[in-house]
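**Q** Make a model of this:
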Amino acid sequence: LGAYVIRVPQDGWAPEGWTPPAADDSTSGMRTTANVSAANAIKTPQFWLLWTALFCNVTAGIGILNQASPMAQDFFAGIGPAAAAGYVGLLSLANMAGRIVWSSTSDYIGRKPTYMMYLGVGAVLYLLVALFGTASMLVFVLLTAVIISYYGGGFATVPAYLKDIFGEYQVGAIHGRLLTAWAAAGVAGPLIVSGVLDLQTSRGAEGAALYELSLYIMVGILVLGFLANLLVRPVNDRFHEPEADDTAADEDEPQEASDAGTEHGPEDGASGAERTAAILLWILVGAGLVYGIVETALNATALFG
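**A** This is a model prediction of the structure:
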């Protein structure tokens with residue numbers, strides 16, 4: 001259904017009441033009008049700085065996700081498996097909410113400042129979990145939920161970040177290359193946490209002490225990512241693709257659209273069938289979300305019961 005309603009807008013179409021951002025917008029300095037190929041992108045320091053920033057953000061987030069249930073039970077002795085499952089559900093909602101809220105926020109404040117928040121504030125939150133996480137279940141849940149929202153937001157924001165830095169030409173291929181950072185973090189995060197857990201267990205540590213060293217390591221990883229993101233600058237002109245001739249671009253456009261199997265939508269908006277499909281799609285998605293939120297909320301009550 002989602003694929004069915006996709007159409008390329010007619011030339012010149014814009015949402016009602018929308019005006020393009022001013023050229024001197026505070027975030028425009030990081031939004032290029034040029035294009036960089038995927039082959040050239042991986043030759044730039046910007047790509048590897050963003051790779052590092054994503055790797056650090058994902059490593060820190062997945063470190064909690066990987067051990068969420070046992071971590072909650074070790075931090076609070078009265079928490080059983082059922083309540084811990086409710087905690088995992090809350091983290092899932094935070095993950096989803098972060099993808100919507102923080103990516104939307106980046107449209108207003110810019111991608112680089114948003115990633116500074118993910119990594120900088122995330123490091124502070126990890127430190128607070130290490131120092132005060134056992135103070136109360138509410139404090140623990142709030143801190144870790146925000147951390148996981150940054151994890152989700154990082155995924156949702158990075159495609160736009162790449163488009164801002166490298167342009168829209170081959171941005172899909174560049175995104176695919178950047179996601180190797182996700183793959184690497186998916187190995188590194190669990191290895192760090194489980195390795196430290198084994199070490200602390202062998203030393204006789206119990207409860208929250210099992211995770212203390214892991215949390216401090218995650219603080220250091222996030223600081224490293226923060227510094228990498230801080231160093232991101234616009235790409236040097238020598239990596240830019242030559243500007244295409246407007247006439248040639250116009251001639252190529254219909255073929256590109258045809259090759260992609262994507263049709264142009266009508267000038268006056270979606271057809272009746274498309275509107276019906278879109279409504280049905282949102283009903284299905286909405287019903288699933290409502291069920292998930294209600295079920296998670298009911299399970300999570302055991303955390304504070």
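**Q** Low-confidence stretches in the stretch 51-200 of the chain?
**A** Along the stretch 51-200 of the chain, segments meeting pLDDT under 70 are nowhere present.
**Q** now the strands for it?
**A** Assignment of strands within the stretch 51-200 of the chain using DSSP state E, counting those that start in this stretch yields no ranges at all.
**Q** quick one, helices of it?
**A** Assigned by DSSP state H, counting those that start in this stretch, the helices in the stretch 51-200 of the chain fall at 68-75, 81-109, 111-116, 122-132, 137-166, 171-178, 180-202.
**Q** wait, which of these is closest to Val219?
**A** helix 122-132 (4.8 Å; Cβ to Cβ). In this view, the C-beta of every residue, glycine as well, is placed from N, C-alpha and C.
**Q** would you turn the helices of the stretch 51-200 of the chain into TSV with distance to Phe47 and mean neighbour count?
**A** TSV is the format used below for those (distance: least, Cβ to Cβ, whole Å; neighbours: other Cβ atoms under 10 Å):
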stretch	distance to Phe47	mean neighbour count
helix 68-75	31	20
helix 81-109	19	18
helix 111-116	14	23
helix 122-132	22	20
helix 137-166	8	22
helix 171-178	7	18
helix 180-202	10	16
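**Q** Tell me which of the ones you listed sits nearest to Leu230.
**A** Nearest to Leu230, of these and by Cβ to Cβ, is helix 111-116 at 7.0 Å.
**Q** residues in contact with the closest one?
**A** For helix 111-116, contacts defined as Cβ atoms under 8 Å, 6 or more residues apart in numbering pick out 27, 30, 53, 57, 102, 105-106, 153-154, 157-158, 160-161, 164, 226, 229-230, 232.
**Q** do the same with stretch 90-108
**A** 64-65, 68, 113-114, 117-118, 141, 144-146, 148-153, 155-157, 160-161, 292-293, 296, 300, 303.
**Q** Relative to the whole chain's centre, how far out is that stretch?
**A** 8 Å (Cα atoms, centre = their mean, to the nearest Å).
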